[in-house]
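Trainee: attaching a predicted model along with its sequence, questions to come.
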Amino acid sequence: MATIRKHRDKYQVQVRRKGFPPVSRSFHKLADAKEWARHMETQADRQELAPNRKELAKITLGELVHRYKDEVVISKKGAEIETIVLGAFLRHSICKRSLADLNASDFAAYRDERLKTITAKSLKRQLAPINNMFEVARAEWNIPLKQNPLADLALKANDNKRERRLRDGELGLLLKAGKKTRNPLVVPIIRFAIETGMRRGEILNLRWRDIEEGRETACILETKNGFSRTIPLTPGALEVLRSLAATRGREGGTLVFPLSAIALRLSWDRLTARAGINDLNFHDLRHEAISRLFELGLTVPEVASISGHRDMRMLFRYAHASHASIRAKLASASSIG
């Protein structure tokens, strides 16, 4: 808020705004004083004034991360993974710096250090919650940051899209190695993923009440893009569910696969190592499932209704038919001609 008072032959203007140091100036004309006051208040509204360094000096980056983790992350669907990412970030020395002393060059140095051990794509993913934290701090917590120090950080990640599918014999190796795993849910989850094309989180959040065995469908309520969908269940998927129901029972509100994302990740890593497969991610099973749907002759809208893709360009990233299937169709076409 601006205040104007006359002192001797001049008009003194002072603008105060929470989070910013007071600014003042003197003018000979009242009209000039009022115009300058309006200009400074507009700058304050747009967060264009220099921040109050004394207030920022009281807060460290680590304290801001802890607040974001406790107040924002806890309500996210990916809270478990994001908490681990932020926990690792908190162990870095950059978190000891106060917000008053923090700038883009500090994050540039952090970037260069981290890129020695991880890819740009991984670092970009890890910095995403930090970037969002600064936006929340500015917009909702009234922390007087003039700008987001990550806003202009150069971090070009190559779009190394994966086209990995199961190779001949790999599914057999996984299932064979799965017989030796301690967790009896890992193999059913793998089989269910290939049969349905569901994401890991969607599978782990599925509850028995979401299954309509009479209609042979599953309702997926919690999805990555926020849009629920109902998908048909293949005979293979139904077999997995019936086997689980027979051995573990089925209560409407309970999880079909009561396993945490971290536990599945660790079990998957041990399983692939035991099977001698070192370049297969769990998400590649979704790629395999969607490609199989296309090979069965389903149309793009039909596959999208199962996979949940709303952007056809993203769907085509998964749709890679096997070369053997393509060769068979080409051979069939040439024999007809």
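Mentor: Yes, it's here. Here the structure is a predicted model, which is why all the values come from computation and not from measurement.
Trainee: in the stretch 201-337 of the chain, which spans are strands?
Mentor: 211-212, 217-220, 229-232 (DSSP state E, counting those that start in this stretch).
Trainee: tell me how far stretch 210-219 lies from the chain's centre.
Mentor: Put simply, stretch 210-219 sits 28 Å off its chain's centre (C-alpha atoms, centre = their mean, to the nearest Å).
Trainee: so who does the residue nearest to residue 174 when sequence neighbours are not counted touch?
Mentor: In space, and not counting its chain neighbours, residue 174 is closest to residue 275: 5.3 Å by C-beta to C-beta, 6 or more residues apart in numbering. In this view, the C-beta of every residue, glycine as well, is placed from N, C-alpha and C. By C-beta atoms under 8 Å, 6 or more residues apart in numbering, the residues touching residue 275 are 170, 173, 174, 176, 177.
Trainee: out of the residues you listed, who has the most neighbours?
Mentor: Neighbour counts for those peak at residue 174, which has 23 neighbours (criterion: other C-beta atoms under 10 Å).
Trainee: of the strands of the stretch 201-337 of the chain, which stretch is the most buried?
Mentor: Most buried of these by mean neighbour count (mean count of other C-beta atoms under 10 Å) is strand 217-220; its value is a mean of 19.
Trainee: doesn't residue 209 make contact with residue 252?
Mentor: Yes. Between residue 252 and residue 209 there is a contact under C-beta atoms under 8 Å: 3.9 Å.
Trainee: have a look at these two and say which one is more surrounded.
Mentor: Comparing residue 252 with residue 209 by other C-beta under 10 Å, the one with more neighbours is residue 209, at 14 against 9.
Trainee: format the contacts of residue 275 as JSON lines; extra columns: secondary structure and pLDDT.
Mentor: Below are these laid out as JSON lines (DSSP: H, G, I helix; E, B strand; the rest coil; pLDDT from 0 to 100):
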{"residue": "170", "secondary structure": "helix", "pLDDT": "93"}
{"residue": "173", "secondary structure": "helix", "pLDDT": "94"}
{"residue": "174", "secondary structure": "helix", "pLDDT": "93"}
{"residue": "176", "secondary structure": "helix", "pLDDT": "92"}
{"residue": "177", "secondary structure": "helix", "pLDDT": "91"}
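Trainee: could I get those residues in CSV, plus columns for distance to residue 218?
Mentor: CSV is the format used below for the contacts of residue 275 (distance: C-beta to C-beta, whole Å):
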residue, distance to residue 218
170, 26
173, 27
174, 23
176, 27
177, 27
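Trainee: just the CA trace of the longest helix along the chain, in PDB.
Mentor: Longest helix of the chain, by residue count under DSSP state H: helix 120-139. Extracted C-alpha coordinates of helix 120-139, given in PDB (Å, rounded to 0.1, in the frame of the first residue of the first chain):
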ATOM      1  CA  ALA A 120      19.500 -35.500 -18.600                       C
ATOM      2  CA  LYS A 121      16.100 -37.200 -18.900                       C
ATOM      3  CA  SER A 122      16.400 -38.600 -15.400                       C
ATOM      4  CA  LEU A 123      17.600 -35.300 -14.000                       C
ATOM      5  CA  LYS A 124      14.700 -33.500 -15.600                       C
ATOM      6  CA  ARG A 125      12.300 -35.900 -14.000                       C
ATOM      7  CA  GLN A 126      13.900 -35.500 -10.600                       C
ATOM      8  CA  LEU A 127      13.900 -31.700 -10.800                       C
ATOM      9  CA  ALA A 128      10.200 -31.500 -11.800                       C
ATOM     10  CA  PRO A 129       8.900 -31.500  -8.200                       C
ATOM     11  CA  ILE A 130      11.500 -28.900  -7.200                       C
ATOM     12  CA  ASN A 131      10.300 -26.700 -10.100                       C
ATOM     13  CA  ASN A 132       6.700 -27.100  -9.000                       C
ATOM     14  CA  MET A 133       7.700 -26.400  -5.400                       C
ATOM     15  CA  PHE A 134       9.000 -22.900  -6.300                       C
ATOM     16  CA  GLU A 135       5.800 -22.200  -8.200                       C
ATOM     17  CA  VAL A 136       3.700 -23.200  -5.200                       C
ATOM     18  CA  ALA A 137       5.900 -21.100  -2.900                       C
ATOM     19  CA  ARG A 138       5.500 -18.000  -5.000                       C
ATOM     20  CA  ALA A 139       1.800 -18.400  -5.800                       C
END
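Trainee: quick check: which of the strands of the stretch 201-337 of the chain is nearest to residue 129?
Mentor: Each of the strands of the stretch 201-337 of the chain has some distance to residue 129 by C-beta to C-beta; the shortest is strand 217-220, at 24.7 Å.
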